[in-house]
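Q: Fold the following.
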Amino acid sequence: MNTETSLTASAQQFIESVVALRPAIAVFDCDGTLWSGDSGADFFYWQLDHRMFPEDVAKRAVDRYADYKRGNVDETLMCGEMVTISNGIQESELEAAAAEFFAKVMEQRFFPEMLQLTHALQDAGCELWAVSSTNVWVVREGVKRFGIRPENVLGACVHIQDGVVTDRIYRVPSGSGKATALKDVVGKTVSACFGNSVHDLDMLEIAEKPFAVNPNADLEKIALSRGWKVYWPMGTGKIG
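A: The predicted structure follows:
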């Protein structure tokens, strides 16, 4: 993956300021932070378009997601259902679908300075982690372009039985669950953390240096009130 994209002066300054902190461990949310849009939702529609679900399952899932969008389904519950919906599918099939999906849909949405930042941190010896409520197949595929290893991905996941996805949830890192997952799995102080929504607040709060990247209005308000760095990536239409 070519990470050499022309950056604005503010983007380059942002990268240099983070690398200068010499963080030992850096944690990144994914959707809205490393790339624009909701990869979990878009992959769900990709699965629908490619008929990866039985017809009755697909119809129920579409209705359920619409109910979630109306605010009638809890965020964490919905994230769990978005991974258990693949119950009965070979994990290898989902990994292949995620690879095709990212290549065709998501790569064009990467924030170039975040791509360069993660590689610069990796070159400096920083340990990189990704934490997301999106399913692990999509997250692992996406963040490998950012130099984040599959084993350092904490995403929504289920138990796998003989290579087949089950409906038994293992982890759904959303909201406070993101901080819990980091404490349970990483077990070390987070030097720097990057997130874009209030669902990232708990893990941002445990970091030595929290960064609000492309923040939603609610997180931006909190970040400004606490003196956290707010950064707007190139392409967002705002000044970093």
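Q: right, and residue 229 touches residue 204 too?
A: No: Residue 229 is beyond contact range of residue 204, at 10.8 Å (criterion: CB atoms under 8 Å). Just so you know, the C-beta spots here come from the backbone N, C-alpha and C atoms, and that holds for glycine as well.
Q: For the two, list the residues in contact with both.
A: 210, 211, 212 (CB atoms under 8 Å, 6 or more residues apart in numbering).
Q: In strands only, show me the residues you listed.
A: 210, 211, 212 (DSSP state E).
Q: Please produce a markdown table containing those residues, extended by distance to residue 64 and neighbour count.
A: Output for those, formatted as a markdown table (distance: CB to CB, whole Å; neighbours: other CB atoms under 10 Å):
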| residue | distance to residue 64 | neighbour count |
| --- | --- | --- |
| 210 | 33 | 24 |
| 211 | 33 | 24 |
| 212 | 31 | 27 |
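Q: Strands along this structure, start to end?
A: Under DSSP E, the chain gives strands at 25-28, 127-135, 153-161, 164-171, 190-195, 207-213, 229-231.
Q: Now do the last one: which elements does it pack against?
A: Applying 3 or more CB pairs under 8 Å, 6 or more residues apart in numbering; DSSP states H and E, one finds that strand 229-231 contacts strand 207-213, helix 217-226.
Q: now do the second one
A: Contacts defined by 3+ CB pairs under 8 Å, 6+ apart place strand 127-135 against strand 25-28, helix 39-49, helix 75-84, helix 112-123, helix 136-143, strand 153-161, helix 176-181.
Q: and residue 231, what is it in contact with?
A: 14, 211, 212, 213, 214, 240.
Q: go on, residue 55?
A: Under the criterion of CB under 8 Å, 6+ apart, residue 55 has no neighbours.
Q: How much space separates it from residue 96?
A: Residue 55 sits 22 Å away from residue 96, going by CB to CB, to the nearest Å.
Q: of residue 229 and residue 204, who's got more company?
A: Per other CB atoms under 10 Å, whichever of residue 229 and residue 204 has more neighbours is residue 204, with 26 against 16.
Q: For the residue positioned nearest the centre of the chain, which non-adjacent residue is spatially closest?
A: By CA atoms, centre = their mean, the chain has its centre lying nearest to residue 30, at 2.3 Å. Nearest residue to residue 30 in three dimensions, chain neighbours excluded: residue 132, at 4.3 Å (CB to CB, 6 or more residues apart in numbering).
Q: Identify the residues contacting that neighbour.
A: Here residue 132 is in contact with 29, 30, 31, 40, 139, 153, 154, 155, 156, 173 (criterion: CB under 8 Å, 6+ apart).
Q: switch the cut-off to 6 Å
A: Residues in contact with residue 132 (CB atoms under 6 Å, 6 or more residues apart in numbering) are 30, 139, 155.
Q: if we can go back for a sec, need the helices and strands packed on strand 127-135 in TSV with distance to residue 92 and mean neighbour count, can you?
A: What follows is the helices and strands packed on strand 127-135, written out as TSV (distance: least, CB to CB, whole Å; neighbours: other CB atoms under 10 Å):
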stretch	distance to residue 92	mean neighbour count
strand 25-28	26	25
helix 39-49	15	19
helix 75-84	16	20
helix 112-123	27	20
helix 136-143	10	26
strand 153-161	10	20
helix 176-181	25	20
